[in-house]
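Enquirer: Pasted the sequence and its predicted model underneath.
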Amino acid sequence: MKTLKLLYCGCLISLIGCAGSEPAVKKSNADEVRARAEQAYSEMDGGATSQKSNGQNAPQPQAVVESGVPLIEMLHSHACPNADDLRGQGIADNASSALTIAQKEIAAQIQSVVVAKTEETRHSNVDVAGNETLRSSFESKTQVITTLQNAQDAKPIITLTQTGKFGVVACMQRSDAAKPFIREANLLQDSVTLALKIFEEQKHPIIRNNAFVAARDMYVQTLSIVSVLDGLGFNQENRVKESFETEQQKYNDFRSQYAFYYQMDENDASVLPQRRAVFERISAKYPVRAAACSNGLLLKLDVTSTNCAEGSLGVSCTADLNLSGSNCEGEPYFSVHAKVKGNGRYDVNEARERLNTNISNGDWFNEWTQELDKWRLE
């Protein structure tokens, strides 16, 4: 028993001596920063603290500093535990607002990586349309970054208060900063794969074209995000690169062959002038080939024989024009119709001339262009 008492007293004296010793009170600033950073990271990653249970990210005051040293200088002396962490600091009337400012500083650093990598990608092998897609993609993304999607990962490591002001230093590991970009890159690559599948399987030229354009736009965004991840220190696999390049060549072939193919039926000589007049109007506005259809829109024109009749105001001649569009195998896509008239005060010849003039210049063609415009591939 006496031995136990002696041991107890010895331990008590030892503890009192340690608590009052000089080295324990005056720890180095680096040791203090590391200890507080580890505590902050531990609490944010899963510690059962009252802040975490309340779902709040705002730190509670950790230290009161004397007014002799400016608060901003005190914040500058606190570094992140990892040298490559993204660091932000803020000063405000309360700790929560100060943390928000610190997070915005971190967001600005991520944004600077985005802007720098955007410029690099813009000057790489991306076509003009791709560059425009890239630019608009990053303009919208810049707005998202300024709000810091995963703000909870910007963890406060120290909070100081001085004369009613609060200062916060927050740090974000680059792996956390990369999370939203990794998620978006994976979603985009899945979408690229789906769009390329539609392009490969569909025969409808407009659906095929739209599918590849969508795939290209998303692929360009994938390139830009992979580039940003590289700037954050992460090597993200571009798993759609090979398939996209393969389909790109197929798309180039598809576009080079695509045209409006016009079949001219010259069997009925009586309506040949009307057929040629319609062909001239279409070919003046659209890329028309008078050849066998290989890959594009096949146009067939049917012109009824001119019907002329005398009336109270002279002679009136009428022609019915019917245009159908299909693929080269004959699968129908659309049909448009027009009834064109020509009036003559004196005889049939004058009425026929007016009819041909109206076919060449009349407003009836405006309705046809509304349909034909849909089949352009921009």
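Expert: All right, it came through fine.

Enquirer: shaky segments in this protein?
Expert: Scanning the chain for pLDDT under 70 picks out 1-62, 65-67, 118, 120-148, 265-266.

Enquirer: can we see that at 50?
Expert: 1-31, 33-34, 37, 40-61 (pLDDT under 50).

Enquirer: tell me the helices in it, going along the chain?
Expert: Taking DSSP state H as the test, the helices found in the chain are 2-19, 22-25, 29-45, 50-53, 71-76, 95-122, 128-145, 174-201, 205-231, 241-257, 272-285, 348-361, 365-372.

Enquirer: Now do the nearest residue to F279 once chain neighbours are set aside against P287, distance only.
Expert: Closest residue in space to F279, ignoring its immediate chain neighbours: Y262 at 5.9 Å, by CB to CB, 6 or more residues apart in numbering. Where C-beta positions appear, they are placed from N, C-alpha and C, glycine not excepted. Counting by CB to CB, to the nearest Å, the separation of Y262 from P287 is 11 Å.

Enquirer: Over to A309?
Expert: On the measure of CB to CB, A309 and P287 end up 39 Å apart.

Enquirer: likewise Q202?
Expert: 21 Å.

Enquirer: Which one of those two is surrounded by more residues?
Expert: Q202 (15 against 11; other CB atoms under 10 Å).

Enquirer: Could you double-check that the more buried one lies in contact with N209?
Expert: No - using CB atoms under 8 Å, Q202 is not in contact with N209; the gap is 9.5 Å.

Enquirer: Show the contacting residues for the residue nearest to S243 when sequence neighbours are not counted.
Expert: In this structure, S243 finds its nearest non-sequential neighbour in L196, 6.0 Å apart by CB to CB, 6+ apart. Neighbour list for L196: A211, F212, A215, V240, S243, F244, E247 [criterion: CB atoms under 8 Å, 6 or more residues apart in numbering].

Enquirer: now Y333
Expert: Contacts of Y333 (CB under 8 Å, 6+ apart): H204, L297, G325, S326, N327, W375.

Enquirer: most neighbours, which of these?
Expert: L297 leads these on contacts (other CB under 10 Å) with 24 neighbours.

Enquirer: Next, count neighbours for R352.
Expert: Here the number of neighbours of R352 (other CB under 10 Å) works out to 19.

Enquirer: so what's it closest to, chain neighbours aside?
Expert: C317 (5.4 Å).

Enquirer: What about that neighbour, how many residues nearby?
Expert: The number of residues packed near C317 is 23, by other CB under 10 Å.

Enquirer: do the same with C171
Expert: Quick note: C171 (other CB under 10 Å) scores 26 neighbours.

Enquirer: Please name the nearest non-neighbouring residue to it.
Expert: C80 is the one closest to C171 (CB to CB, 6+ apart), at 3.8 Å.

Enquirer: isn't the one you found right up against I157?
Expert: Yes - the criterion here is CB under 8 Å, and C80 meets it with I157 at 6.8 Å.

Enquirer: Give me the more crowded residue out of the two.
Expert: For the pair C80 and I157, the greater number of neighbours falls to I157 (26 against 19), based on other CB under 10 Å.

Enquirer: show me what contacts A195?
Expert: Listed by CB under 8 Å, 6+ apart, the contact partners of A195 are A211, F212, A214, A215, M218.

Enquirer: Phi first, then psi, for G233.
Expert: Taking degrees, to the nearest 10, you get phi 90, psi 20 for the backbone angles of G233.

Enquirer: go on, the one 3 residues further on?
Expert: The phi and psi values for Q236, taken as degrees, to the nearest 10, are phi -90, psi 130.

Enquirer: ok, it to S312 distance?
Expert: Distance from Q236 to S312, counting by CB to CB: 79 Å.

Enquirer: So which of the two has more stuff around it?
Expert: Neighbour comparison, Q236 and S312: the larger count goes to Q236, with 19 against 4 (by other CB under 10 Å).

Enquirer: Pull up the gap between the more buried one and R183, please.
Expert: Distance of Q236 to R183, given as CB to CB: 11 Å.

Enquirer: before we move on, what about V168?
Expert: The gap separating V168 from R183 is 27 Å, by CB to CB.

Enquirer: Which one's more surrounded, those two?
Expert: Neighbour totals were compared for V168 and R183, and V168 leads with 32 against 13 (other CB under 10 Å).

Enquirer: and the closest residue to the more buried one other than its chain neighbours, what does it touch?
Expert: Spatial nearest neighbour of V168, chain neighbours left out: A98 (4.1 Å); criterion: CB to CB, 6+ apart. Contact analysis of A98 by CB under 8 Å, 6+ apart lists G90, I91, A92, T159, F166, G167, V168.

Enquirer: Can you report how many residues lie near A178?
Expert: Neighbourhood size, A178 [other CB under 10 Å]: 20.

Enquirer: can you check S256 too?
Expert: 9.

Enquirer: what's near enough to touch it?
Expert: Counting by CB under 8 Å, 6+ apart, S256 has no contacts.

Enquirer: Distance-wise, check it relative to P287.
Expert: Using CB to CB, S256 is found at 11 Å from P287.

Enquirer: Then K300?
Expert: 17 Å.

Enquirer: ok, S294 touching N327?
Expert: No - counting by CB under 8 Å, S294 does not reach N327; the two are 10.9 Å apart.

Enquirer: quick one: the closest residue to Q109 other than its chain neighbours from V169, how far?
Expert: Nearest non-adjacent residue to Q109, counting by CB to CB, 6+ apart: L86, 5.1 Å away. Here the distance between L86 and V169 works out to 12 Å (CB to CB).
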